[in-house]
Structure formats: C-alpha cells, structure tokens
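> Based on what follows, work out the 3D shape:
(chains A, B, C and D)
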Number of protein chains: 2
Amino acid sequence: MNYVSLLKQHNLKATPQRLEILSIMHQSGHIDIDGLFSKIIQSFPSISLATLYKNLHIMLNSNIILELKLPNTKPKYELIQAPHAHLLCQKCGSCIDLSLDTDTLIKEVSQKSGYKLHESTLIFSGLCPQCQNH
Amino acid sequence: MNYVSLLKQHNLKATPQRLEILSIMHQSGHIDIDGLFSKIIQSFPSISLATLYKNLHIMLNSNIILELKLPNTKPKYELIQAPHAHLLCQKCGSCIDLSLDTDTLIKEVSQKSGYKLHESTLIFSGLCPQCQNH
DNA sequence: TAAGTAAAAATAATTATTATCTAAGCTGAG
DNA sequence: CTCAGCTTAGATAATAATTATTTTTACTTA
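This next block holds a predicted model:
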C-alpha cells in the first residue's frame, strides 16, 4: 500500500507521522487512541495526543480511516476497506473483521424502512473460538 | 409498564429519580445524557449529572437499559426491548428503531465465523424519508 | 533565498466522566 | 416504635478525554 499517494489523493500532506499512523493501523487492524499513542511514541517520542487526535480527525473527514464505536470500550480506528462486519469477543476483548454482504442487507433494510441508506455498522458480540474452550 | 417492579426484579430500589429516567426513556425512545439531564431537571431540579451517570451505569449493569454508541454523537440510552436495528438520518440526526430478524443473522454469522454470538448492534445510516425531499 | 502554507509541538482550556464524602430515607429486628 | 444498617441522592472534587490556541518547524514554490 502506498500511503503517500493515498494521502495526496485527498490533498493531505504525507507527513512521517501520518504515514506511521496508517502503517500502525494496517498492522493492528483496529486500534484505539491509547494503543496508537503507545506505538507511535516509539518512533516519534515527541508526538502528543493532541497531534494524534488532530490527524485522526483529518483522516476521518477525508474518509481514509473510520471510527468504530464499540460497546464498553473506547473507539477504535481502522483503515477504510471493503464494508464488513465486526466480531467482538466479550471474554478476550479481541475484535476481528468479517466480510459480509452488507449491500444486500442495506438494500433490504432500505426497502423495509423507506430510508435511503448507504452505510452500516454491524457489530456482533459473543465468544471467539479460543475462548469457547474455557 | 410497571417500572417499579422492573427495578425490584433486579434488586434495585425504585427511587423517584430512576422511575423518571425510565419514563423519559420510554417517551423518547433514545436519548443521550444531555437530553436526559435537561428533561429530568424539570422534575428534579437538584439532580446532578453524577447521579444520572451513576444510575445509568447501575441500570446498564442490570440490563434494564442499553447504551447505544452511534457514529459522530454521544452515546444514547434506551430501554431494553426486543432486539432491533437502528436507523440514523445523517441530515436531521434522528434515530429510529427497526424490528429485524436479528436471530437468523446472528446464526448465519456464527456459522460463518466459528464465534458463539449472542448479541448484535446493527446501525444503518442514510437519509430518512422526510430528508430525501430536500 | 524569501514568502506563504501546513503541520507538529507545546500548552492551555474545555468537556466528559468518575470518585468521594455526607446526609437523607427506607427497612427490618428488636 | 425506634434504632442500626444499608442504599441512594446530593454536593463537590478529581480525573480523564478531547479540543483549542499559539508558537515553531518544515516544506513548497515563486
């Protein structure tokens, strides 16, 4: 992935800090502000939470990343990719992606409701395979 | 609805403040902390946000109400009823319930993923019928 | 190179939430 | 009935989370 061009496509400067944010998100899948901060501070010891929040907001507004509000936790951030659902394990706290045909679901719900829908947030909670064996 | 017995079933005292919280939620469907505060202060002028938060947490833990974390807004609270989806209008900000067969969806996703799921949060965003005509 | 712009850094301010402490109100045992 | 014990509201303080402001740095381009 070339994050430099991704940022430039959205008229944002490809600063080292932003590139690192995106790279961390790519590795982590989903990450909250604290996780992000503790990772990025390793490469940029002088960065502040304010800078982090600022950049997250900028990239949120540009639809480069999205904010995922989950039950019982702080919001997590992830790179925007194909629409998908999220699975949460209530025991170990993990969060994974699940590709799902959200389009047909959205269409169904649109018809049923009269709304003109184009986005969905689908979160399922329960036990992951590992945690079921305990 | 008899909120007194609802609270007692969960070993919570049916204080006037709690009853009013539940009654407001029943009227509003979904409401955030500020909306709740501005309504309840009419009947209980001395109530504080701390008391409100405290009671919300108590009732959340007892599964009398649930917290709904929505994109771009503060969490909203609602009475627990049958599982359903939520529709958000991105223009007027309204939020409505839509009854949906979440069970089969959960089963599908469980099979597909290997997770043992029992809860879902389904949020759809777009334009409500009114806002489509503008 | 100098000017203009955008972002980072540093910090302050604000907002949101939680914790602590006291006093009031209910309940059950005597 | 009344007192002891428990739960909660109220009042306030403390903490945590987020946003705003100002200064400094770096990059771009004329």
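> dump the residue contacts of the spatially most central residue of chain A.
For chain A, the residue nearest the mean C-alpha position is A:E78 (2.1 Å; CA atoms, centre = their mean). Shown in contact with A:E78 (CB atoms under 8 Å, 6 or more residues apart in numbering or on different chains): A:25, A:29-31, A:65-66, A:68. C-beta coordinates here come from the backbone N, C-alpha and C atoms, glycine included.
> How about A:D103?
Per CB under 8 Å, 6+ apart, neighbours of A:D103: A:P83.
> what comes up buried for whatever helix or strand it lives in?
Using DSSP states H and E, A:D103 sits in helix A:102-113. Within helix A:102-113, the residues that qualify as buried are A:102, A:105-106, A:109-110, A:113, counting by 16 or more other CB atoms under 10 Å in any protein chain shown.
> before we move on, back to that, would you confirm that the residue nearest to the centre of chain A belongs to a strand?
Yes: counting by DSSP: H, G, I helix; E, B strand; the rest coil, A:E78 is part of a strand.
> For it, give the beta-bridge partners.
A:L66 (DSSP bridges).
> A:D32 too?
A:K76.
> Please verify my assumption that it contacts A:Y77.
Yes: using CB atoms under 8 Å, A:D32 makes contact with A:Y77 at a distance of 7.2 Å.
> quick one on the thing from earlier: need the max-distance pair from the buried residues of helix A:102-113.
A:T102 and A:S113 (15.5 Å; CB to CB).
> Write out the residues of chain A neighbouring chain B.
Residues of chain A lying close to chain B by CB under 8 Å from any CB of the partner chain are A:67, A:69-71, A:85, A:87, A:89, A:98, A:100, A:105-106, A:109-110, A:112-129, A:132.
> Mark which of the residues you listed are buried, thanks.
Using 16+ other CB under 10 Å as the burial test, those include A:69-70, A:85, A:87, A:89, A:100, A:105-106, A:109-110, A:113, A:115, A:117, A:120-128 as buried.
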